[in-house]
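Chemist: Prediction below, plus the sequence it came from.
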Amino acid sequence: MRVIVVGGGVVGTMHAWQAVERGHEVVQIEREAEARGASLRNFGQIWVSGRAGGEELDTALRARELWERIGAEVPGLGFRAIGSLTPVRNAREYAVAEAAAARPDAAARGYELVTAAQAREINPALRGTFEAALWCERDAAVEPRTAQLHLREALKASGRYTFLPGREVREVVGNGAVRDDHGDVHQGDAVVLATGAWLSGMVRELVPDLPVRRVRLQMMQTAPLGEKLTTSIADADSFRYYPAYKSDALDALNAEQAQAPVAAAHKMQLLMVQRQDGGLTIGDTHEYEHPFAFDTLEDPYEYLTEVVESFLGRPLPKIRHRWAGVYAQCTDTTHVVHRQQVADGVWLVTGPGGRGMTCSPAIAETTANELGW
């Protein structure tokens with residue numbers, strides 16, 4: 001079988017991985033010289049802890065298994081089974097963490113409510129003030145800015161993979177066939193359009209009423225911390241954002257403890273992961289209304305810096321990079337991804353939202369199974 005994958009991000013690359021792993025030939029087409037979208041502009045978190053139960057959790061757990069397996073084959077991914085800690089500062093936040101640790105699926109998620117002293121044993125860099133923490137053993141991390149490069153190198157070694165950058169696919173021209181902006185037609189037994197947040201042009205023509213929206217976020221990265229951050233870190237605002245934490249205790253938190261004004265205005269939470277070079281990737285905000293602003297705002301960065309410094313008990317290293325990114329999210333956020341046949345032999349796979357990096361291996365595996373690869 002010959003598979004055409006349109007899109008060089010992590011979702012497209014994982015579809016290429018599944019096809020090559022199953023013995024097929026793959027041509028992957030990317031409109032940029034390299035992927036530049038949400039697949040690079042993220043935390044590199046394999047984030048199980050906040051996922052909703054049912055399909056979303058099952059997908060995340062399966063993806064976590066696949067990431068570890070692929071990471072063993074491709075060491076350049078920098079797969080690290082580091083887990084996560086969410087420090088809590090008061091009784092209201094503690095009650096939400098306690099309710100999460102009492103969930104029927106808490107063991108599957110790797111949840112454990114730990115004391116502040118235990119949290120510091122797990123992650124000695126946390127020298128700030130907090131009362132306890134929710135530990136999630138199943139969370140992990142990879143290096144987002146280089147993951148696709150290393151995956152492609154491994155795919156090329158198969159002898160059944162071709163990467164074609166700098167080509168924008170403009171139209172579907174037949175059963176399993178697409179034409180790019182060079183005028184070349186690429187024919188396969190199956191075409192997967194994994195176009196990420198690029199939802200205009202050909203995608204809009206194929207699916208005018210696509211139930212997917214675009215979401216913008218701001219993030220930053222520091223100089224090396226100078227010590228190891230042994231886990232990823234979230235704050236209690238993540239309880240408000242992720243569906244796994246829904247409970248009466250969360251309702252009480254929302255009713256009785258308002259977010260800081262900056263965090264509320266920008267729909268913020270803290271997520272933080274250390275990169276292999278020692279720098280910290282920190283975010284994020286959420287913007288849903290179009291048209292998106294073209295500039296980045298300083299207030300969210302200042303707020304996140306304060307939160308991080310309060311957990312670390314030390315000044316944050318110099319900020320080296322600030323950026324904004326856009327990802328595609330199903331308008332019904334209970335859907336892990338939007339997968340739709342849009343023409344003979346052509347399927348569109350998009351809209352995983354902030355779950356793209358986490359869930360991409362399992363999303364691709366499901367596509368491959370459903371299409372009978």
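Modeler: Happy to help now that I have it.

Chemist: which residues in the stretch 251-373 of the chain form strands?
Modeler: Taking DSSP state E, counting those that start in this stretch to define them, one finds strands in the stretch 251-373 of the chain at 271-274, 280-283, 319-330, 338-343, 346-350.

Chemist: Would you reformat those strands as CSV and include distance to His186 and mean pLDDT?
Modeler: Where C-beta positions appear, they are placed from N, C-alpha and C, glycine not excepted. CSV is the format used below for the strands of the stretch 251-373 of the chain (distance: least, C-beta to C-beta, whole Å; pLDDT from 0 to 100):
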stretch, distance to His186, mean pLDDT
strand 271-274, 36, 98
strand 280-283, 35, 97
strand 319-330, 23, 96
strand 338-343, 14, 97
strand 346-350, 11, 98
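
Chemist: Tell me which of those lies nearest to Pro208.
Modeler: Ranking these by proximity to Pro208 (C-beta to C-beta) places strand 338-343 first, at 10.9 Å.

Chemist: Give me the buried positions along the closest one.
Modeler: Residues of strand 338-343 classed as buried: 338-340, 342-343 (neighbour count, 16 or more other C-beta atoms under 10 Å).

Chemist: Can you show me the CA trace of it as CSV?
Modeler: Provided in CSV are the C-alpha atoms of strand 338-343 (Å, rounded to 0.1, in the frame of the first residue of the first chain):
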residue,chain,number,x,y,z
HIS,A,338,-12.2,14.9,14.1
ARG,A,339,-11.7,12.0,11.7
GLN,A,340,-13.7,12.1,8.5
GLN,A,341,-13.6,10.7,5.0
VAL,A,342,-13.8,13.7,2.7
ALA,A,343,-13.4,12.1,-0.7
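
Chemist: quick revisit: from the buried residues of strand 338-343, which is closest to Ala177?
Modeler: Of all these, Ala343 has the smallest distance to Ala177: 9.2 Å, by C-beta to C-beta.

Chemist: secondary structure element for the nearest residue to that closest one once chain neighbours are set aside?
Modeler: Once flanking residues are discounted, Ala343 sits nearest to Val172: 4.7 Å by C-beta to C-beta, 6 or more residues apart in numbering. In the assignment (DSSP states H and E), Val172 maps to strand 169-174.

Chemist: name the helices or strands packed onto that strand?
Modeler: When contacts are defined as 3 or more C-beta pairs under 8 Å, 6 or more residues apart in numbering; DSSP states H and E, strand 169-174 sits against strand 177-180, strand 185-187, helix 202-206.

Chemist: hmm, try it at 7 Å
Modeler: strand 177-180, helix 202-206 (3 or more C-beta pairs under 7 Å, 6 or more residues apart in numbering; DSSP states H and E).

Chemist: ranking those by burial, who's on top?
Modeler: strand 177-180 (a mean of 19; mean count of other C-beta atoms under 10 Å).

Chemist: Show the average pLDDT along that strand.
Modeler: Mean pLDDT, computed over strand 177-180, is 98.

Chemist: Please state the offset of that strand from the chain centre?
Modeler: Strand 177-180 sits 29 Å away from the centroid of its parent chain (C-alpha atoms, centre = their mean, to the nearest Å).

Chemist: what's next to it, contact-wise?
Modeler: Residues from elsewhere that reach strand 177-180 (C-beta atoms under 7 Å, 6 or more residues apart in numbering): 4, 6, 29, 167-173, 185-187, 191.
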